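Engineer: Sequence first, predicted coordinates after that:
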Amino acid sequence: MKDSLGGVQTVLVLGGGSEIGLATARRLVADRTRTVILAGRDTEALRSGADELRRLGATRVEVMQFDALNRDSHQSFIDECWSTVGDIDLVLFAFGVLGDQDVAEHDSKEALRIIDSNFTGAVSLLIGSAERLKAQGHGSIVVLSSVAGERSRRSNFVYGASKAGLDAFSQGLGDSLIGTGVHVLIVRPGFVHTKMTEGLDAAPLSTTPEAVAEAIFDGIAKGREIVWVPAALRGVMSGLRHVPRPLFRRLPI
Amino acid sequence: MAKFKRGADSLLAGWGGTGATRAEVVHPLSEMGIAEILKQRPERGVIARGLGRAYGDAALNSGGIVLDATALSGVRNLDEENGVVTVAAGTSLEDLMRWLLPAGWFVPVTPGTRVVTVGGAIASDIHGKNHHADGTFGNHVLSMTLIDGTGTTRHLSPADTPKEFWATTGGMGLTGVITEATFRLIPVETSFMRVDTERASNLDDLMARMSDRDDEYRYSVAWIDCLATGKSMGRGILDRGEHALLSDLPANKRRNPLAFSSHAVVTAPPIFPSGLVNRWTVRAFNELWFRKTRSDHQGAIHSIGQFFHPLDLVTDWNRLYGSRGFVQYQFCVPFGAERAVQTAVERLSLSGAASFLAVLKRFGPANPGPLSFPQPGWTLALDIPVGDPGLSGLLDGLDDLVLDNGGSVYLAKDGRVRRGHLEGMYPRLNEWRETVATMNPDGVIQSDLARRLGL
Ligand SMILES: Cc1cc2nc3c(=O)[nH]c(=O)nc-3n(C[C@H](O)[C@H](O)[C@H](O)COP(=O)(O)OP(=O)(O)OC[C@H]3O[C@@H](n4cnc5c(N)ncnc54)[C@H](O)[C@@H]3O)c2cc1C
Ligand SMILES: NC(=O)c1ccc[n+]([C@@H]2O[C@H](COP(=O)([O-])OP(=O)(O)OC[C@H]3O[C@@H](n4cnc5c(N)ncnc54)[C@H](OP(=O)(O)O)[C@@H]3O)[C@@H](O)[C@H]2O)c1
């Protein structure tokens, strides 16, 4: 159960190897989260993250396997999560791929891998977990969207499109869950230094997984629906939204 | 014929307005209806809810059934000779005052609001300003009827079923649904209070005055201004009194000495911006409150409402805290741990966690209830608006302080204590759990508080 100040006891991290996901789990455990499920494709790779959370004070850390691309397995995976730990207060959607934009532009297989990982795979798991949370009558879903979904950019529009789809779906889902006790928080980070962005040139206002974790923690406690990380991006993006396309596509972003 | 009315799905919160969860509210039409619901063993269980005055998650059951216990109310028997009343558990103390005061009877214990049910009063084992003299509500209960987690009706009394009786008293509704209770009343000559008021310049002064002379009064409570710092940290007003005798009243009040008016004066509007209650508005309020008591005075005549339930004058005053809501923090520590009260007041004053008056009281002896909150010692209670990001850490720190000093936090006000702390605060928790296991063997009785604390 969440407590009356929004403190979370149990969290399921989808994308348990994600740097942002792990930073968020550490932040939650530093508060009062004691039960964590780290779920990812390669459970061996999740062990070190699990050990660290135990060291930080989590009393129960489970490692479970799922693949966003394997949609047929999603329902049984969700069922297993709930049957393993009981009520889950927070489901964190932290998996995702950046993909190879150059390949994706001419090879639909790569484009669809990006879309299926970030969007359709996520939709399948969003619906599955929302049903569970509705049945238990309480809980939060946190979705890692991205500024990239706010306006499609020449340089990474396949990833951008996947996040735009995810973001739009999550907004509607959040609205549909009003009155059910379930709350959806959409997180829109800019450039975050993680293995996903390793080797890329950092964009202005770049930030860290820890900063994203802190924003998520704060957003849950306050029951926010959307947070930008850093917060200044909100203003920047609302400006960029109105830049005419001929100009926008030539911007060096 | 239907024995209960299925209700709509509702988002429910405690009085503090935080952490709403969804549940199905069911209105039983009879005791049989309650038993029937329990026998159906709904998947996420059932909890009774009275008038929802518990601040946190005690009367919530996310995804399950919340049983509207106010559906069954009314006086079933009044033994005027012995001052003993039998009521349906959904009866409110307010109604009892309206019905019984004209006959010269008063409830044995009243909390700071009269808008609570008898069932809620027993489940939280509530205390009033007379705890040092009369104990808790549970101390005055002679017997009760409960439908346990299997749907079986049980008659409980301290003599015949002490384990079950005392597990239910203070058991936060987790042993079953109380349907009826028989308890002793206090005879009164008038519906007025004779009140002595003193101002104390700081916490030491206040506690000394209470220790010295509380025993001379049936009712005693102090209000502390938590925003006062420095030399006046913990300054407060001490109100102590007795039920006024007929001879205490001025002539104009003697004509109708048992008059009782329960009308609220105003209703707070439903929507208030969060942040309206902040340290500036609270400071101004506290200053006014402290100044209004210009000097000490003796023998003032107050109405029951003025003395016991000043907040009931504004219906739904909890809305003043805005949509984010507020929490109440109430703890007690044993005599000898005065330092801990001092430290708590210091930390709260310095943090500026805005609070209207904090309430300080001396508790008398404890009763046998394993989860009954009052222990001989001091209790401090205060409301704090949600919003300051440091609040959770501040209160976690106070939990540690309370635990280290052998004290506990009051579950009827709580929504945030951590599991690990509970066992230390209530050392007889396992004894209580063993009794509950016999009354609720399949876990059909469930609440969000029980889930959060792993009860
Ligand atoms: C302004 C204010 C002042 C207060 N002052 C005091 C005070 O001075 N002293 C004090 O002790 N408390 C005080 N309280 C707390 C209040 O007295 C308790 O929370 C009380 O339990 C509320 O009763 P209720 O009918 O509203 O119960 P609810 O809030 O609806 O429920 C409280 C608990 O009682 C259980 N319950 C309710 N009905 C039944 C039933 N029929 N059978 C079994 N379980 C049941 C519920 O399951 C829940 O666990 C105050 C609260 C407010 C809002
Ligand atoms: N980094 C940024 O700049 C940034 C900015 C905005 C939004 N985001 C979003 O934030 C989230 C977390 O990103 P991050 O930076 O923490 O990246 P990260 O460290 O690379 O983590 C991404 C995680 O997603 C997992 N994953 C990928 N495909 C999967 C699949 N099919 N099934 C299950 N898991 C899969 C990866 O698992 P494997 O280890 O098995 O590959 C990896 O653990 C992502 O949604 C990302 O799009 C990131």
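Structural biologist: Structure received. Numbering: from 1, shown residues only, chains lettered A, B, ... in the order given. Ligands and ions are numbered 1, 2, ... in the order given.

Engineer: can you give me the helices for chain B?
Structural biologist: Using DSSP state H, the helices of chain B run over B:31-39, B:93-100, B:118-123, B:131-134, B:162-168, B:203-213, B:251-254, B:279-292, B:304-308, B:338-351, B:391-404, B:419-425, B:429-439, B:448-453.

Engineer: in the fourth one, what's buried?
Structural biologist: Read it as helix B:131-134. Buried residues in helix B:131-134, counted by 16 or more other C-beta atoms under 10 Å in any protein chain shown: B:His131, B:His132, B:Asp134. C-beta coordinates here come from the backbone N, C-alpha and C atoms, glycine included.

Engineer: Run through who's touching that helix.
Structural biologist: B:108-109, B:128, B:140, B:214-215, B:217-220, B:361-364, B:374 (C-beta atoms under 8 Å, 6 or more residues apart in numbering or on different chains).

Engineer: Among these, pick out the one closest to B:Leu238, please.
Structural biologist: Nearest to B:Leu238 among the contacts of helix B:131-134: B:Ser220, at 7.3 Å, using C-beta to C-beta.

Engineer: For chain A, which segments count as helices?
Structural biologist: A:19-31, A:43-55, A:74-85, A:101-106, A:108-115, A:121-136, A:157-176, A:209-222, A:233-240, A:245-248.

Engineer: and the closest residue to ligand 1 within the stretch 151-253 of chain A, how many neighbours does it have?
Structural biologist: Relative to ligand 1, the nearest point of the stretch 151-253 of chain A is A:Gly181 (18.0 Å; C-beta to the nearest ligand atom). By the measure other C-beta atoms under 10 Å in any protein chain shown, the count of residues near A:Gly181 is 26.

Engineer: Excluding sequence neighbours, find me the nearest residue to it.
Structural biologist: In this structure, A:Gly181 finds its nearest non-sequential neighbour in B:Arg22, 3.7 Å apart by C-beta to C-beta, 6 or more residues apart in numbering or on different chains.

Engineer: Quick one: residues contacting the one you found.
Structural biologist: Counting by C-beta under 8 Å, 6+ apart, B:Arg22 touches A:Lys134, A:Gly137, A:His138, A:Gly179, A:Thr180, A:Gly181, B:Asp9, B:Ser10, B:Leu11, B:Leu12, B:Ser62, B:Gly63.

Engineer: got JSON lines for the buried residues of helix B:131-134, with pLDDT too?
Structural biologist: Putting the buried residues of helix B:131-134 into JSON lines (pLDDT from 0 to 100) gives the following:
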{"residue": "B:His131", "pLDDT": "98"}
{"residue": "B:His132", "pLDDT": "98"}
{"residue": "B:Asp134", "pLDDT": "98"}
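
Engineer: before we move on, back to that, any idea which of the helices of chain B gets closest to ligand 1?
Structural biologist: Across these, ligand 1 has its closest neighbour in helix B:118-123 (2.3 Å, C-beta to the nearest ligand atom).

Engineer: Just checking that closest one against ligand 1, any contact.
Structural biologist: Yes. Counting by C-beta under 6 Å from any ligand atom, ligand 1 is contacted by helix B:118-123 at B:Gly119, B:Gly120, B:Ala121, B:Ala123.

Engineer: residues from chain B in reach of chain A?
Structural biologist: Within reach of chain A by C-beta under 8 Å from any C-beta of the partner chain, chain B has these residues: B:9, B:11, B:14, B:16, B:18-23, B:44, B:55-57, B:61-64, B:324-325, B:327, B:386, B:389, B:391-392, B:395-396, B:415-416, B:418-419, B:448, B:451-452.

Engineer: The closest residue to B:Leu100 other than its chain neighbours and B:Phe137: what is the separation?
Structural biologist: Excluding its sequence neighbours, the residue lying closest to B:Leu100 (C-beta to C-beta, 6+ apart) is B:Leu185, at 6.6 Å. Separation of B:Leu185 from B:Phe137 (C-beta to C-beta, to the nearest Å) stands at 12 Å.

Engineer: which neighbours do those two share?
Structural biologist: Shared contacts of B:Leu185 and B:Phe137, defined by C-beta under 8 Å, 6+ apart, are found at B:Pro108.

Engineer: Which residue does the stretch 51-200 of chain A have closest to ligand 2?
Structural biologist: Shortest the stretch 51-200 of chain A-to-ligand 2 distance, computed as C-beta to the nearest ligand atom: residue-wise this is A:Gly96, at 2.5 Å.

Engineer: who touches that residue in this structure?
Structural biologist: A:Gly96 makes contact with A:Gly15, A:Ser18, A:Ser117, A:Asn118, A:Leu144, A:Ser162, A:Met196, according to C-beta under 8 Å, 6+ apart.

Engineer: Check the burial of the fifth one by counting its neighbours.
Structural biologist: Each residue near A:Leu144 was counted by other C-beta under 10 Å, and the total is 27.

Engineer: what bridges to it?
Structural biologist: In this entry, A:Leu144 is beta-bridged to A:Val187, by DSSP bridges.

Engineer: can I assume it is in contact with A:Val192?
Structural biologist: No. Judged on C-beta atoms under 8 Å, A:Leu144 makes no contact with A:Val192 at a distance of 9.5 Å.

Engineer: Can you work out which residues contact both of those two?
Structural biologist: Joint contacts of A:Leu144 and A:Val192 (C-beta under 8 Å, 6+ apart) are A:Ile20.

Engineer: Which one of the residues in the stretch 301-450 of chain B is closest to ligand 2?
Structural biologist: Counting by C-beta to the nearest ligand atom, the stretch 301-450 of chain B gets nearest ligand 2 through B:Pro389, at 23.5 Å.

Engineer: Report the separation between that residue and A:Gly57.
Structural biologist: 20 Å.

Engineer: What of B:Ser323?
Structural biologist: Distance from B:Ser323 to A:Gly57, by C-beta to C-beta: 32 Å.

Engineer: for A:Gln65, which residues make a bridge with it?
Structural biologist: Assigned bridge partners for A:Gln65, using DSSP bridges, are A:Gly40.

Engineer: residues contacting it?
Structural biologist: A:Ala39, A:Gly40, A:Arg41, A:Thr43, A:Phe77.

Engineer: low pLDDT regions in the stretch 1-150 of chain B?
Structural biologist: B:1 (pLDDT under 70).

Engineer: What of the stretch 151-253 of chain A?
Structural biologist: For the stretch 151-253 of chain A, no stretch has pLDDT under 70.

Engineer: Residue numbers of it in contact with chain B?
Structural biologist: A:Gly179, A:Thr180, A:Gly181, A:Asp218, A:Ala221, A:Lys222, A:Gly223.

Engineer: one more time with 6 Å, if that's ok
Structural biologist: Taking C-beta under 6 Å from any C-beta of the partner chain as the contact definition, the stretch 151-253 of chain A meets chain B at A:Gly179, A:Thr180, A:Gly181.

Engineer: The second one contacts A:Ala135, doesn't it?
Structural biologist: By that I understand A:Thr180. No. Contact criterion C-beta atoms under 6 Å: A:Thr180 and A:Ala135 do not qualify, at 9.4 Å.

Engineer: So those two - more neighbours on which side?
Structural biologist: A:Thr180 (20 against 17).

Engineer: List the contacts of B:Gly135.
Structural biologist: B:Gly135 makes contacts with B:Asn367, as judged by C-beta atoms under 6 Å, 6 or more residues apart in numbering or on different chains.
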